[in-house]
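coordinates only, sequence not included:
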């Protein structure tokens, strides 16, 4: 079988045995995700989640072939009573999981013709702010509609688990609830900017009333997305709700692309001891690049990047320098990050003019010689703000799409006194340039169709696949007289 990627030697699990060995059926959830080997190769990997910790792993079966799977290291079997199995995934054909009817998608190394993006999908599970009913939390409908677009690639820009990540927890020995570290989230009314002088509190430290666990992950992400997960291979970006102080243990177990299967001494990433203090208790993933035909997708872990202050700055200065080195001259690239580089919003309810987040990423970008984003970067895709926002600029800066409207309770628009986002359309100073854009608060996802030249077109679609906005790269004109998107 021809495999167009230079995958590690562990793909030797592929054989010509027609009937696979079967174990631990049925698999609960199955999906394919992309990772990058230490040598820089793009590696597709299949993962399967099985009920019960310490279970034997099934094999994947294809026409005349079988692929053995191995178990990932479980960070806490009592909190995660499941087994996650994985295997390097061969290209070019579909595989079934064990003896189940679950079929994983065929994967190609060519440029994707259709990409779907969604983000900020979890449920607050609050009877006032957001009950987890289909009407108030339509993530299942959104992800099903996204999968129904027949994508070649699915991208989630982070924040999968809200109901399992409260802003405050109870700790043994504390009379009052304590605030969980969140690195400064300017778009969440439940959170405040990072206070560097206060103690570090984590859901996952000893004595916490609310450690990260499987029940919330299953309810907020896996169960509603179950039927949609095998639709196409995924890139899973880490959000601030997946900090190690929050749902990080589950993210690194289920969705992070780190794996021993990547070869070259690669290991599975886990959260550091949460009884320590920053920076030792924080995890900063390094940027990585997925190459599919003529398109590069560079992924930044911006979970710890403070929105309104320069937080963990040295880490992100180094990351943006690494991103600049990853951009291949002449190859179109998209940059994927949970926190946006340029998100327009009011700093607080009383402000009369908007400001721009993310301060940490903007500062790092300004320190990178020549800027991290060359002309080969055609698009920045992010989430974090609980709405859709699209911004084009009157400079060579790439346009940015913010797709944070996949399920969590939405932010809305001012000038209402209790709201903090600009009404569409807008043209404002944005970090040293003029940004012209639109915003929308509708549960939705984005379908993007890239061209080999680096140009792209896209549509924002709601849970019924109705068009909410249309976007084109050639609308991001240097004159900034037209937004990169127009609303329906």
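Great, that's in hand. Remember, predicted model here, so these are calculated numbers, not experimental data. Numbers count the residues shown, from 1 in each chain.

what strand or helix carries residue 361?
Residue 361 is located in helix 359-367, with elements delineated by DSSP states H and E.

that's a strand at residue 314, yeah?
No. Residue 314 is assigned helix when assessed by DSSP: H, G, I helix; E, B strand; the rest coil, not a strand.

quick revisit: what's the helix holding residue 361 packed up against?
With contacts taken as 3 or more C-beta pairs under 8 Å, 6 or more residues apart in numbering; DSSP states H and E, helix 359-367 sits against helix 313-326. Just so you know, the C-beta spots here come from the backbone N, C-alpha and C atoms, and that holds for glycine as well.

buried stuff in the helix it packs on?
313, 315, 316, 317, 318, 319, 320, 322, 323, 324, 326 (16 or more other C-beta atoms under 10 Å).

for stretch 425-435, same thing?
For stretch 425-435, by 16+ other C-beta under 10 Å, it's 426, 427, 428, 430, 431, 433, 434, 435.

and residue 449, how far is that from residue 288?
The gap separating residue 449 from residue 288 is 24 Å, by C-beta to C-beta, to the nearest Å.

who's more crowded, these two?
residue 288 (22 against 13; other C-beta atoms under 10 Å).

output the below-cut-off pLDDT ranges for this structure.
1-26, 188-198, 347-349, 413-419, 476-482 (pLDDT under 70).

mind checking the longest strand of it?
Using DSSP state E to define each element, the chain has its longest strand at strand 42-51.

and that one, what does it pack onto?
Checking 3+ C-beta pairs under 8 Å, 6+ apart, strand 42-51 ends up next to strand 29-36, strand 82-88, strand 288-292.

repeat the analysis, applying 10 Å as the threshold.
Using 3 or more C-beta pairs under 10 Å, 6 or more residues apart in numbering; DSSP states H and E, the elements in contact with strand 42-51 are strand 29-36, strand 82-88, strand 95-97, strand 103-104, helix 214-217, helix 248-254, strand 288-292.

what's the spacing between the longest one and its chain's center?
Relative to the chain's own centre, strand 29-36 is displaced by 13 Å; criterion: C-alpha atoms, centre = their mean, to the nearest Å.

buried stuff in that strand?
So for strand 29-36, counting by 16+ other C-beta under 10 Å, buried means 29, 30, 31, 32, 33, 34, 35, 36.

ok, now stretch 351-366?
Within stretch 351-366, the residues scored as buried using 16+ other C-beta under 10 Å are 354, 355, 356, 357, 358, 359, 360, 361, 362, 363, 364, 365.

straight-line length of that stretch, end to end?
26 Å (C-alpha to C-alpha, to the nearest Å).

and what of stretch 143-159?
End to end - C-alpha to C-alpha - stretch 143-159 spans 14 Å.

same deal with stretch 367-384?
End-to-end distance of stretch 367-384: 23 Å, with C-alpha to C-alpha as the criterion.

same check, this time on stretch 155-173
Span of stretch 155-173 from end to end, C-alpha to C-alpha: 42 Å.

pairing partners for whichever helix or strand comes after the helix holding residue 361, with directions?
Remark: after helix 359-367, the chain's next helix or strand is strand 377-382, criterion DSSP H and E. Each strand paired with strand 377-382, and its direction, by DSSP bridges: strand 333-337 (parallel), strand 400-403 (parallel).

quick check: which helices or strands does the helix or strand just after the longest strand of the chain pack against?
Using DSSP H and E, the helix or strand that follows strand 42-51 in sequence is strand 59-62. Applying 3+ C-beta pairs under 10 Å, 6+ apart, we find strand 59-62 packed against strand 14-15, strand 65-68, strand 82-88, strand 95-97, strand 103-104.

residues in contact with the fourth one?
Just to be clear, that refers to strand 95-97. 14, 20, 22, 25-27, 29-30, 32, 46, 48, 50, 58-63, 65-67, 69, 85, 87, 89, 102-107, 230 (C-beta atoms under 10 Å, 6 or more residues apart in numbering).

just the buried members of those?
14, 20, 27, 29-30, 32, 46, 48, 50, 58-62, 65-67, 69, 85, 87, 89, 102, 104-107, 230.

picking up where we left off before, need the helices and strands packed on strand 59-62 in a markdown table (columns: distance to residue 135).
Formatted as a markdown table, the helices and strands packed on strand 59-62 follow (distance: least, C-beta to C-beta, whole Å):
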| stretch | distance to residue 135 |
| --- | --- |
| strand 14-15 | 45 |
| strand 65-68 | 41 |
| strand 82-88 | 30 |
| strand 95-97 | 33 |
| strand 103-104 | 31 |
